[in-house]
Structures are given as structure tokens and as C-alpha cells.
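Peer 1: Provided below are the primary sequence and the corresponding predicted coordinates.
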Amino acid sequence: MPSAEVFKQFRRSLMQLVEEDRNCEDQVVLAAYARDYSLEKGVSPLLAVFPKNKEDVKGIVRLANEYKVPLVAVSSGQPRFNGDTLPERESVIIDFRQMNRTIKIDSVNRCAIVEPGVTYAELIPQLEKQGLKLNIPFLPKASKSVVTSRLEREPVLIPKYQYDYI
């Protein structure tokens with residue numbers, strides 16, 4: 001856990017890296033990251049930061065390593081259920097929801113390349129325009145990150161076509 005002075009230095013360095021409007025220290029907003037619908041207990045994070053691109057992410061991770069500040073990654077919106085994004089100790093949330101570009105939809109190979117903040121509500125209509133369908137879990141939340149869903153290996157409706165990502 002970083003000391004107050006180390007965290008202040010980390011915060012100053014972070015402000016030079018990402019714009020102030022992409023950092024949040026509002027206690028009401030931060031408190032929302034400390035709870036979900038699981039039985040896990042979380043603590044309120046020190047700060048939430050919202051990267052917009054991979055350069056932001058690299059810089060944030062580099063600073064966190066330098067100052068020994070723990071990071072907790074979040075890419076899905078509320079409600080959250082699994083307890084896997086709850087900070088267990090004072091840390092910084094890195095919220096990927098602003099990284100929500102669909103980089104490429106390849107209709108020939110039937111795949112898409114997306115950033116971690118792309119949700120089912122955003123991707124499904126884009127695929128439908130291309131005449132494609134997404135093999136989805138049963139009733140996914142609109143705010144659920146597609147990448148997070150795949151990393152959590154949520155069971156899909158047509159298991160015959162579920163790919164193993166290992």
C-alpha cells in the first residue's frame with residue numbers, strides 16, 4: 001500500500017500523463033467501485049483513471065510499477081456480480097470503458113478486433129450490419145465488456161462453437 005506522500009507523487013505524475021477530466025477522485029463515484037452484487041467485500045479505491053488508448057495504458061502501468069501502486073482493471077459497466085473488480089486494499093481503478101473502438105470486423109474470417117471497453121450493446125449492432133452474429137452468453141448485460149466476458153469464459157448459447165482461448 002503506497003504512503004500518502006508516494007500516492008501524491010504518483011497522482012502528480014499521472015496528471016502529466018492523462019488529462020484531468022480522465023481522472024476521478026469523487027468519493028461517491030469511487031464508492032461505487034467498492035461494491036457489487038457478490039458476497040465479496042471491497043474497499044474504496046484512491047482514484048479512478050480512464051485511459052483512451054494503449055499509450056495511456058502503458059504510461060499508467062509504468063507509473064504504477066514505479067510508485068508501487070496497485071491497479072484494478074474494470075471494463076464492464078454496472079451492475080457487476082463476480083467480485084473480481086473489487087479493490088481489496090487501497091489501489092487505483094483503471095477503467096477501460098472509454099477504450100470502446102471496434103478496430104476491425106473481418107466478415108471473411110468471421111472475427112472482430114475490439115478494444116476492452118466495447119460492450120455487447122455496441123458490438124452486436126455493428127456485426128448485424130455486416131450480416132454477422134456473435135456467439136453470446138445467455139442474456140448478456142448491455143454494459144458487459146465483450147473482452148471481459150471472453151476472459152471470464154462465460155458459457156455461450158452454442159457451446160459447439162465456443163473457442164478455447166488458452
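Peer 2: Everything's here; your move.
Peer 1: would you confirm that residue 40 belongs to a helix?
Peer 2: No. Counting by DSSP: H, G, I helix; E, B strand; the rest coil, residue 40 falls outside a helix, being coil.
Peer 1: show me where the chain has helices.
Peer 2: 4-17, 27-33, 54-67, 120-129, 146-151 (DSSP state H).
Peer 1: just these: most buried one?
Peer 2: Greatest average neighbour count among those goes to helix 146-151 (a mean of 18), per mean count of other Cβ atoms under 10 Å. In short, each C-beta sits where N, CA and C put it, glycine included.
Peer 1: check what pLDDT the closest residue to residue 92 other than its chain neighbours gets.
Peer 2: Using Cβ to Cβ, 6 or more residues apart in numbering and skipping residues adjacent in sequence, the residue nearest residue 92 is residue 47, 4.9 Å away. Predicted confidence (pLDDT) for residue 47: 89.
Peer 1: residues contacting residue 47?
Peer 2: 11, 14, 23-25, 30, 92-93 (Cβ atoms under 8 Å, 6 or more residues apart in numbering).
Peer 1: sorry, back to before: in a markdown table: the helices of the chain, plus mean pLDDT and distance to residue 80.
Peer 2: As requested, the helices of the chain are exported to a markdown table (pLDDT from 0 to 100; distance: least, Cβ to Cβ, whole Å):
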| stretch | mean pLDDT | distance to residue 80 |
| --- | --- | --- |
| helix 4-17 | 88 | 24 |
| helix 27-33 | 84 | 9 |
| helix 54-67 | 94 | 21 |
| helix 120-129 | 93 | 15 |
| helix 146-151 | 85 | 10 |
